[in-house]
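Q: below are the sequence and a predicted model for it; my questions follow.
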Amino acid sequence: MIRIKSDKIVVGESLFNGYLYVENGKISAVTDVEKPADERYDFTGKYVSAGFIDMHTHGAGGHAFMNSEVSDVIAGCNYHLAHGTTTIVPTISAGSFETMKRAVIHIDQAKKSGQAKGNILGAHLEGPYLSTKQCGAQCPVFITPPCKVDYESLIAEYPDSVTRWTYAPENDTDGEFCKYLTEHGVIASAGHTDAKYPDMATAIDNGCNLITHLYSCTSTVTRDHGFRSLGVIESAYLRDELYVEIIADGKHLPPDLIKMIIKIKGTDKVALITDSLEIAGTDIKEGVMSGTEFIVEDGVCKLKDRSAFAGSVATADRLIQTLVNECGFSVPTAVKMLTEVPAKILRVNKGVLAVDKDADIIVFDEKIRVSDIFVNGKRI
């Protein structure tokens with residue numbers, strides 16, 4: 001039995017003053033009653049919350065999740081853990097299908113190795129079935145329409161290794177790819193897409209319920225001879241069944257836009273992500289990634305000519321800092337969108353401090369500096 005005491009236990013969108021009890025890797029009680037325990041921790045004055053869940057990250061600490069070894073996947077996940085991410089979905093960018101498949105295998109091996117200190121759920125494939133018009137930092141050379149032979153063989157061979165797949169619905173005209181994913185337990189997410197509302201409606205009908213990094217490579221209203229069509233952004237607002245994820249580093253989306261998204265969608269439908277690059281958490285200020293020159297300044301990675309962003313260098317703790325310090329949300333509300341909401345999207349027994357939930361717990365101070373971490377009830 002583990003007993004954790006604090007006057008700032010994050011429960012829902014409020015703070016609770018009392019005790020958290022953990023047994024056999026699960027939360028057994030959240031109460032104001034003091035009971036005997038084998039291990040006792042007093043974190044009075046600090047926040048105690050469910051561990052952060054990052055659904056979308058390409059690496060950190062100099063370690064990439066693609067074109068790397070199993071050891072790099074483990075090291076990248078462990079780096080994120082130190083910043084509060086107890087559950088992670090390593091993300092793979094568009095590449096040759098063999099390259100992406102190899103990355104899936106490495107992520108699966110890292111997951112099964114026992115060397116990752118946190119929870120690796122499985123891979124997130126961000127491509128190659130994207131839109132060339134909305135490819136962003138993705139390499140257009142590798143972008144293709146859905147290939148049934150490839151995706152069916154990958155899911156058949158590694159059925160528990162792919163957690164989610166980002167794709168462009170306009171290139172899946174009858175929803176066949178989306179339907180296949182959802183029938184096989186893979187989360188279908190619309191991203192890097194130039195879709196119009198009919199495309200999104202087909203995707204939703206076939207199980208798509210998530211938008212990948214809203215406002216980043218997602219279409220908006222267009223006109224054809226005066227007639228307007230909704231894009232992905234408007235579809236996200238129109239359809240209540242859609243969750244959205246946002247890169248909440250305060251750079252990809254300015255604070256006012258973050259506040260608008262949350263005002264419209266509500267805290268139950270918005271998940272925070274880092275979408276971090278391998279250089280997150282390093283002192284690297286310039287270089288070349290995937291053949292593209294970049295610089296890091298103003299807290300974000302940019303193309304060398306500064307014409308656009310090239311990716312995020314944030315870790316999960318920074319997302320909470322942005323929501324609290326720049327957007328004015330309370331700590332519990334910000335935490336909810338990095339714990340409870342992604343847990344619902346990913347369908348895992350995590351994300352809230354409640355009885356029978358997995359005991360993934362973190363402790364941090366007023367500046368959102370993580371000091372203590374428990375994964376499945378074990379202190380790391």
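A: Great, that's in hand. Values in this document were obtained by computation on a predicted structure and should not be read as measured data.
Q: which SSE is residue 152 in?
A: helix 148-157 (DSSP states H and E).
Q: tell me which residues in the helix or strand just after that helix are buried?
A: Counting by DSSP H and E, the element after helix 148-157 in chain order, helix or strand, is strand 162-167. Buried residues in strand 162-167, counted by 16 or more other C-beta atoms under 10 Å: 162-167. Where you see a C-beta, it was placed from the backbone N, CA and C, and this is true even at glycine.
Q: for this protein, which residue occupies the most central location?
A: Nearest to the geometric centre of the chain sits residue 55, at 2.2 Å (C-alpha atoms, centre = their mean).
Q: mind listing the strands in the stretch 1-150 of the chain by residue range?
A: Using DSSP state E, counting those that start in this stretch, the strands of the stretch 1-150 of the chain run over 2-11, 14-23, 26-31, 39-42, 47-50, 52-57, 59-60, 63-64, 85-93, 119-120, 123-126.
Q: any chance of those strands in CSV, with mean pLDDT too?
A: Shown next, in CSV, are the strands of the stretch 1-150 of the chain (pLDDT from 0 to 100):
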stretch, mean pLDDT
strand 2-11, 98
strand 14-23, 98
strand 26-31, 98
strand 39-42, 98
strand 47-50, 98
strand 52-57, 98
strand 59-60, 97
strand 63-64, 96
strand 85-93, 97
strand 119-120, 98
strand 123-126, 98
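Q: nearest to residue 140, of those strands?
A: Proximity to residue 140 (C-beta to C-beta) singles out strand 85-93 among the strands of the stretch 1-150 of the chain, at 11.9 Å.
Q: run the angle between the closest one and strand 162-167 for me.
A: Here strand 85-93 points in a direction 50 degrees away from that of strand 162-167 (axes from the mean of the first three to the mean of the last three C-alpha atoms, to 10 degrees).
Q: direction included, what does strand 85-93 pair up with?
A: Strand pairing for strand 85-93, determined by DSSP bridges: strand 52-57 (parallel), strand 119-120 (parallel), strand 123-126 (parallel).
Q: identify the residues contacting the residue of the chain most remote from its centre.
A: Most distant residue from the mean C-alpha position of the chain: residue 225, 38.4 Å away (C-alpha atoms, centre = their mean). Counting by C-beta atoms under 8 Å, 6 or more residues apart in numbering, residue 225 touches no other residue.
Q: show me what contacts residue 299?
A: Residue 299 neighbours (C-beta under 8 Å, 6+ apart): 249-251, 313-314.
Q: domain parsing for this protein?
A: 1-50+351-380, 52-348 (automatic domain parsing).
Q: low-confidence stretches in the chain?
A: Along the chain, the model assigns pLDDT under 70 to residues 290-291.
Q: now the helices for it?
A: Taking DSSP state H as the criterion, the chain contains helices spanning 70-81, 97-113, 148-157, 176-183, 197-205, 232-238, 255-265, 316-321, 331-336, 340-346.
Q: and those helices as a markdown table, adding mean neighbour count and distance to residue 379?
A: Below are the helices of the chain laid out as a markdown table (neighbours: other C-beta atoms under 10 Å; distance: least, C-beta to C-beta, whole Å):
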| stretch | mean neighbour count | distance to residue 379 |
| --- | --- | --- |
| helix 70-81 | 23 | 13 |
| helix 97-113 | 19 | 21 |
| helix 148-157 | 14 | 36 |
| helix 176-183 | 19 | 37 |
| helix 197-205 | 20 | 42 |
| helix 232-238 | 20 | 39 |
| helix 255-265 | 16 | 33 |
| helix 316-321 | 24 | 19 |
| helix 331-336 | 23 | 20 |
| helix 340-346 | 22 | 21 |
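Q: those helices: which one's closest to residue 274?
A: So among the helices of the chain, helix 316-321 is nearest, using C-beta to C-beta, at 6.1 Å.
Q: what separates the closest one from the chain centre, distance-wise?
A: Chain-centre distance of helix 316-321: 13 Å, with C-alpha atoms, centre = their mean, to the nearest Å.
Q: and it, what does it pack onto?
A: strand 52-57, strand 270-273, helix 331-336 (3 or more C-beta pairs under 8 Å, 6 or more residues apart in numbering; DSSP states H and E).
Q: nearest to residue 372, of the ones you listed?
A: Closest of these to residue 372 is strand 52-57, at 13.5 Å (criterion: C-beta to C-beta).
Q: dump that closest one to CSV, restricted to CA.
A: Presented in CSV, the C-alpha positions along strand 52-57 are these (Å, rounded to 0.1, in the frame of the first residue of the first chain):
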residue,chain,number,x,y,z
PHE,A,52,0.7,13.2,-18.8
ILE,A,53,-0.3,11.3,-22.0
ASP,A,54,1.4,12.5,-25.2
MET,A,55,-0.4,11.1,-28.3
HIS,A,56,1.8,12.7,-30.8
THR,A,57,5.6,13.1,-30.6
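Q: contact partners of it?
A: The set of residues external to strand 52-57 that reach it, using C-beta under 8 Å, 6+ apart, is 65, 76, 80, 83-91, 124, 126, 164, 212-213, 245, 271, 273-276, 280, 316-317, 320, 335, 338-339, 342-343, 345-346, 348, 350-351, 362.
Q: dump the contacts of residue 299 into TSV; add distance to residue 231 and neighbour count as well.
A: Formatted as TSV, the contacts of residue 299 follow (distance: C-beta to C-beta, whole Å; neighbours: other C-beta atoms under 10 Å):
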residue	distance to residue 231	neighbour count
249	23	26
250	24	21
251	23	17
313	28	22
314	26	30
